[in-house]
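Novice: From the sequence below, what's the structure:
(one chain, ligands or ions: 1)
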Amino acid sequence: MPQLSDAPSIVILTGAGISAASGLATFRDRGGIWAQVDYREVATPEGFARNPAKVQDFYNFRRREALAVEPNDAHHALARLELAWPGDFLLVTQNVDDLHERAGSKKLLHMHGELNSVLCLKCESRHGWREDIDAAATCPACGGTGTLRPDIVWFGEIPYHMDRIETALDKAALFLSIGTSGTVYPAAGFAEMARRAGARTIEINLEASGRGSLFHECITGPATDTLPAFVD
Ligand code: BV8
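Specialist: Numbers count the residues shown, from 1 in each chain. Got it, this is the predicted structure:
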């Protein structure tokens, strides 16, 4: 663990690898989600326009799956780090599950949306949602039927909270990249942005993601082991 006084401001980026030990599949590892499903069919606005039922089924399945699992030691370690951190703290997750908040994280932004939220295509309202979305689902705000989509940022859409994230990266003294392959932009560019702004950058991953020049340090192994060791 670095001296806390050396790191008044921290930004942490998490990806699917942090939820792997809870039982949720990652995307690009062997046997991952994108090895089984074509992302263009289920995670783009064009795919949704072509076959909304297929997209709803994909997210209904993942919503049910995420509700059935529990946060792991890595999620809990980050919640403890937030409590102990003396300076500004921001946890940015690419994950659409709610395991960070269920572990107790509060200073958290979901840049790719959330499985437990729906977006109405008619009135643009957002609502907490833990059920399947089917063709009969009704928008709680406008009463529209069949107008709800998962509140997920698909490829080609603009990720959420970018202004707040970029402001935090600009003044970060420490940047942690945890359990992400760093292949999807703009998140894949955060380490470089933080490093350029003067942050110490650390990758914490099962194995090095091969982006060594971006990081001052790389800690390898399952996040459930390495993160508690790093934090405590
Ligand atoms: C945008 C939906 C403009 C949610 C997801 C060419 C060049 C540059 C960019 C582009 C390009 N062509 C297209 C683009 C843009 C595109 C993009 O980046 N494409 C890539 C693929 C080239 N990006 C976009 O379209 C984004 N929008 O750019 O808008 C803009 C931006 C800013 C401001 C203005 C305008 C929108 C991206 C949204 C994508 N949505 N999916 C869902 O269904 O879940 S992406 C998908 O990948 C996931 O959702 C996830 O969020 C994201 C990242 O994946 P990872 O979390 O990293 O998972 P992965 O499987 O890859 O890696 C897991 C890692 O964990 C591995 O490294 C593994 O080793 C490790 N691991 C495994 N087990 C453990 C572990 N680590 C530790 N412990 C373990 N136990």
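
Novice: what about the longest strand anywhere in the chain, near the ligand?
Specialist: Ranked by residue count under DSSP state E, the longest strand found in the chain is strand 113-120. No. Interface with the ligand: strand 113-120 contributes nothing (CB under 6 Å from any ligand atom), its closest point being 6.6 Å away. Placement of C-beta: from N, CA and C, glycine included.

Novice: and if you look at stretch 62-77?
Specialist: No. Judged by CB under 6 Å from any ligand atom, stretch 62-77 stays clear of the ligand, getting no closer than 7.0 Å.

Novice: Send me that stretch as PDB with only the CA atoms.
Specialist: Listed in PDB are the C-alpha atoms of stretch 62-77, where the atom choice follows Å, rounded to 0.1, in the frame of the first residue of the first chain:
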ATOM      1  CA  ARG A  62     -27.500 -11.100 -17.300                       C
ATOM      2  CA  ARG A  63     -29.700  -9.000 -15.000                       C
ATOM      3  CA  ARG A  64     -31.000 -12.300 -13.300                       C
ATOM      4  CA  GLU A  65     -27.500 -13.700 -13.200                       C
ATOM      5  CA  ALA A  66     -26.100 -10.500 -11.500                       C
ATOM      6  CA  LEU A  67     -28.900 -10.400  -9.000                       C
ATOM      7  CA  ALA A  68     -28.100 -14.000  -8.000                       C
ATOM      8  CA  VAL A  69     -24.400 -13.500  -7.200                       C
ATOM      9  CA  GLU A  70     -22.600 -11.700  -4.300                       C
ATOM     10  CA  PRO A  71     -19.800  -9.200  -4.100                       C
ATOM     11  CA  ASN A  72     -16.400 -10.700  -3.500                       C
ATOM     12  CA  ASP A  73     -13.300  -9.800  -1.500                       C
ATOM     13  CA  ALA A  74     -12.000  -7.500  -4.200                       C
ATOM     14  CA  HIS A  75     -15.300  -5.400  -4.200                       C
ATOM     15  CA  HIS A  76     -15.200  -5.300  -0.400                       C
ATOM     16  CA  ALA A  77     -11.500  -4.200  -0.400                       C
END
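
Novice: how about the residues of the chain near the ligand?
Specialist: Residues of the chain that fall close to the ligand, judged by CB under 6 Å from any ligand atom: 15-17, 20-21, 26-29, 32, 43, 94, 96, 112, 152-159, 162, 179-181, 183-186, 205-207, 209, 222-223.

Novice: Since that was my last question, I'll sign off now.
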